[in-house]
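Asks: need a 3D model of the following:
(one chain, ligands or ions: 1)
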Amino acid sequence: MPDPSPSARDRNRQPARGEGHSRHLPFQPGDYDQHGFEPAAGGEPPTALIDIGCGDGCFLAQACEKWPGLISFGVDLSESAVEATTRRLDASGITKFAAVAANGFDIEFWSRQVPEAVRSSPRPVISMWFVGHEFSQGKPERIVEFFAELYRYFPRAEVMLGEINKISPRDFAQDYELSIMPEFLLFHELSHQGVLSWQDWQTVLTEIPYELMQERRFDEVRSLSGAPIPASFVWQLRPERGGGVQNGQTESTGSSDGFGH
Ligand SMILES: C[S@@+](CC[C@H](N)C(=O)[O-])C[C@H]1O[C@@H](n2cnc3c(N)ncnc32)[C@H](O)[C@@H]1O
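Replies: Predicted coordinates for the structure are as follows:
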């Protein structure tokens with residue numbers, strides 16, 4: 001048959017390198033819906049956002065644009081990232097935000113700088129886009145410890161987590177030519193970043209006081225066992241009901257809502 005049907009053509013098409021085998025929409029950082037960031041609980045949009053590892057503030061700025069009235073807080077280890085975030089949000093005319101340079105793992109430290117308005121906001125969300133591997137040291141138990149602490153300090157906040165997975169060369173064998181991950185994992189290894197495996201993340205999920213509400217998997221590779229392993233994923237996590245340190249430890253930051261702008 002000279003002209004196969006469109007479906008047969010699609011089946012026979014060779015994917016391009018980096019395209020992978022996603023059963024989902026392509027991953028486009030910065031796009032909320034692609035990240036799976038949908039206000040799920042009761043369909044209510046978030047009222048406050050804490051972005052850990054906020055980078056240049058792109059996500060915070062887009063979130064503030066998407067949800068007018070959103071109040072936000074960014075934390076990043078890099079001073080220049082915090083400056084870039086501040087410049088970006090200032091330039092967008094956003095005033096209800098604060099950003100600090102700190103180690104995201106040290107929640108006890110940076111949580112004291114979260115404005116009171118963010119802490120007491122009715123629907124707080126914490127986002128963590130590709131930062132967990134920066135402080136995991138490759139140990140799932142460190143991420144478990146981090147989430148236990150996060151829950152203690154922000155027991156009402158949902159968490160949006162985006163991460164990449166460590167995939168072994170054996171599991172890559174069938175997809176090596178298609179995936180961009182071998183290079184990506186190599187440079188993460190060279191810079192001593194602790195990317196965890198998909199199996200590690202499954203263990204983490206069973207040991208943290210959060211429940212998985214939504215999951216998006218991206219660019220799955222065919223593992224040796226036949227079970228697909230996503231190159232990256234997004235989880236929306238709901239806190240279990242319970243206690244935490246909560247707002248009593250807030251230090252005043254100089255203005256009534258704590259933003260000081
Ligand atoms: C891969 S980038 C992701 C940036 C941003 N979240 C995004 O998705 O565009 C990782 C960010 O985490 C920051 N970072 C690295 N280690 C950190 C730590 N221990 N605590 C907080 N931020 C950290 C880096 O400075 C960088 O901005």
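
Asks: where are the low-confidence patches of the stretch 51-200 of the chain?
Replies: 174-178 (pLDDT under 70).

Asks: helices of that one, start to end?
Replies: 58-66, 79-91, 107-110, 116-119, 132-135, 140-153, 169-172, 181-190, 198-207 (DSSP state H, counting those that start in this stretch).

Asks: grab the CA positions of the last one and hand them over as PDB.
Replies: Just to be clear, that refers to helix 198-207. The C-alpha trace of helix 198-207 is given here as PDB (Å, rounded to 0.1, in the frame of the first residue of the first chain):
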ATOM      1  CA  TRP A 198      11.400   6.700  40.400                       C
ATOM      2  CA  GLN A 199      11.600   3.800  42.900                       C
ATOM      3  CA  ASP A 200      13.000   6.100  45.600                       C
ATOM      4  CA  TRP A 201      10.100   8.500  45.000                       C
ATOM      5  CA  GLN A 202       7.600   5.700  45.500                       C
ATOM      6  CA  THR A 203       9.200   5.000  48.800                       C
ATOM      7  CA  VAL A 204       9.200   8.700  49.800                       C
ATOM      8  CA  LEU A 205       5.500   8.800  49.000                       C
ATOM      9  CA  THR A 206       4.700   6.100  51.500                       C
ATOM     10  CA  GLU A 207       6.700   7.800  54.300                       C
END
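
Asks: helices or strands up against that helix?
Replies: Where contact means 3 or more C-beta pairs under 8 Å, 6 or more residues apart in numbering; DSSP states H and E, helix 198-207 is packed against helix 140-153, strand 228-239. (Glycine included, C-beta is placed from N, CA and C.)

Asks: ranking these by burial, who's on top?
Replies: Neighbour counts (mean count of other C-beta atoms under 10 Å) averaged over each of those peak at strand 228-239, with a mean of 21.

Asks: any idea how far that one is from the middle of the chain?
Replies: On the basis of C-alpha atoms, centre = their mean, to the nearest Å, strand 228-239 sits 9 Å off its chain's mean C-alpha point.

Asks: cool, and stretch 225-237?
Replies: Distance, centroid of stretch 225-237 to centroid of chain: 14 Å (C-alpha atoms, centre = their mean).
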